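here's my sequence, what's the structure:
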Amino acid sequence: MKARDVQLIVVDDEDAAARRVAELLAESSREGKEIVLTGGRTPGLAYEVAAELEPDWSRAGVWWGDERCVPPDDELSNFGLARRTLFDRLEAQPGRVHRIRGEDHPAVAAASYERELKGTTLDLLLLGLGPDGHVASLFPNAPGLAETERLAIPAEPKLEPFVERVTLTPPALRAARRIVFLVTGDEKAQAVANALAGRPDPAVPGSLIRSESGETLAILDQQAASRLRD
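Numbers count the residues shown, from 1 in each chain. Coordinates of the predicted model:
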């Protein structure tokens, strides 16, 4: 299989992919790392397993790569997903929780989050990949892909659910020591090929995101990796 500046880990199915990510999350929490979570079904599975593998997250810091502009108890909230699948299952909560305040105006929430993030080194950054190639809430050809200074910005949705977002920017994402793409399912196969093996292209935001000073991993199931073959 081929990829550009990405270490590939291909496993049999979604459950196996979630477990591999859970192992990385558990290890990072034990070491007191700064961990960036994402939304989605497969990450939710990973969070459940991570809570079983390491129930004490008191040394860890937790962040989010993006958030929908909804209250934290809304079913669309990425924070809410983490609370249901991870935090509520832990014996000891994360020592540092940096939530994007989705209930605030997007510009206000982004500015507040950026202030918290400045000076922080993100150790493990988990990303999904949309069927259109988007990562976090950076959608194809979005103006935010050209951002070079800001760490967090408001973002307009380009697919359902159509609610405003706050997202980390490319500079913030690339600064992470370890980036991990978690992608499963045949419907993501073409996006995986475009983002991981194709040339850098704003039409495929995932193709623009690689760790600048660390490593980039992609944990995929067989279906998601099916178009990466030579």
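
can you pull up the bridge partners for the closest residue to Ile9 other than its chain neighbours?
Closest residue to Ile9 apart from its sequence neighbours, by CB to CB, 6 or more residues apart in numbering: Ile219 at 4.8 Å. The way it works is simple: take the backbone N, C-alpha and C, and place the C-beta from them, glycine included. Here Ile219 shows beta-bridge partners Ile9, Leu182, assigned using DSSP bridges.

ok, Ile219 to Thr169 distance?
Going from Ile219 to Thr169 by CB to CB, to the nearest Å gives 24 Å.

ok, Glu103 next?
22 Å.

show me which of these two is the more surrounded one.
Shown here are Glu103 and Thr169; by other CB atoms under 10 Å, Thr169 has more neighbours (23 against 13).

does the more buried one really touch Glu147, like I thought?
Yes - counting by CB atoms under 8 Å, Thr169 sits close enough to Glu147 to count as a contact (4.3 Å).

quick check: neighbours shared by these two?
Both Thr169 and Glu147 are contacted by Ile153, under the criterion CB atoms under 8 Å, 6 or more residues apart in numbering.

where do the helices sit along this structure?
Using DSSP state H, the helices of the chain run over residues 14-30, 41-53, 78-85, 106-117, 170-174, 189-192.

quick one: those helices as TSV, columns for distance to Arg210, mean neighbour count and mean pLDDT too.
As requested, the helices of the chain are arranged in TSV below (distance: least, CB to CB, whole Å; neighbours: other CB atoms under 10 Å; pLDDT from 0 to 100):
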stretch	distance to Arg210	mean neighbour count	mean pLDDT
helix 14-30	17	20	98
helix 41-53	20	20	98
helix 78-85	23	20	98
helix 106-117	19	18	98
helix 170-174	7	20	98
helix 189-192	15	22	98
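
out of those, the one nearest Glu156 is which?
With distances scored as CB to CB, the stretch of these nearest to Glu156 is helix 106-117 (9.2 Å).

what does that closest one rub up against?
With CB under 8 Å, 6+ apart, helix 106-117 has contacts from 63, 67, 69, 98, 100-102, 104, 150-155, 164-166, 168, 172.

please indicate which of the residues you listed are buried?
63, 67, 69, 98, 100-102, 104, 151-155, 164-166, 168, 172 (16 or more other CB atoms under 10 Å).

distance between the ends of stretch 65-79?
Separation of the first and last residues of stretch 65-79 by CA to CA, to the nearest Å is 10 Å.

make JSON lines out of the helices of the chain and add distance to Pro143.
Converted to JSON lines, the helices of the chain look like this (distance: least, CB to CB, whole Å):
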{"stretch": "helix 14-30", "distance to Pro143": "30"}
{"stretch": "helix 41-53", "distance to Pro143": "26"}
{"stretch": "helix 78-85", "distance to Pro143": "22"}
{"stretch": "helix 106-117", "distance to Pro143": "14"}
{"stretch": "helix 170-174", "distance to Pro143": "12"}
{"stretch": "helix 189-192", "distance to Pro143": "21"}
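
out of those, which comes closest to Ser207?
helix 189-192 (9.8 Å).

now do the contacts for the residue sitting nearest the centre point of the chain.
Closest to where the C-alpha atoms of the chain average out (CA atoms, centre = their mean) is Leu127, at 2.6 Å. Shown in contact with Leu127 (CB under 8 Å, 6+ apart): Thr38, Gly65, Val135, Ala136, Leu173, Ile179, Val180, Phe181, Leu182, Gly206, Ile209.

repeat that for Gly133.
Taking CB under 8 Å, 6+ apart, one finds Pro140, Ala191, Asn194, Ala195, Ala203, Val204, Pro205, Gly206, Ser207 in contact with Gly133.
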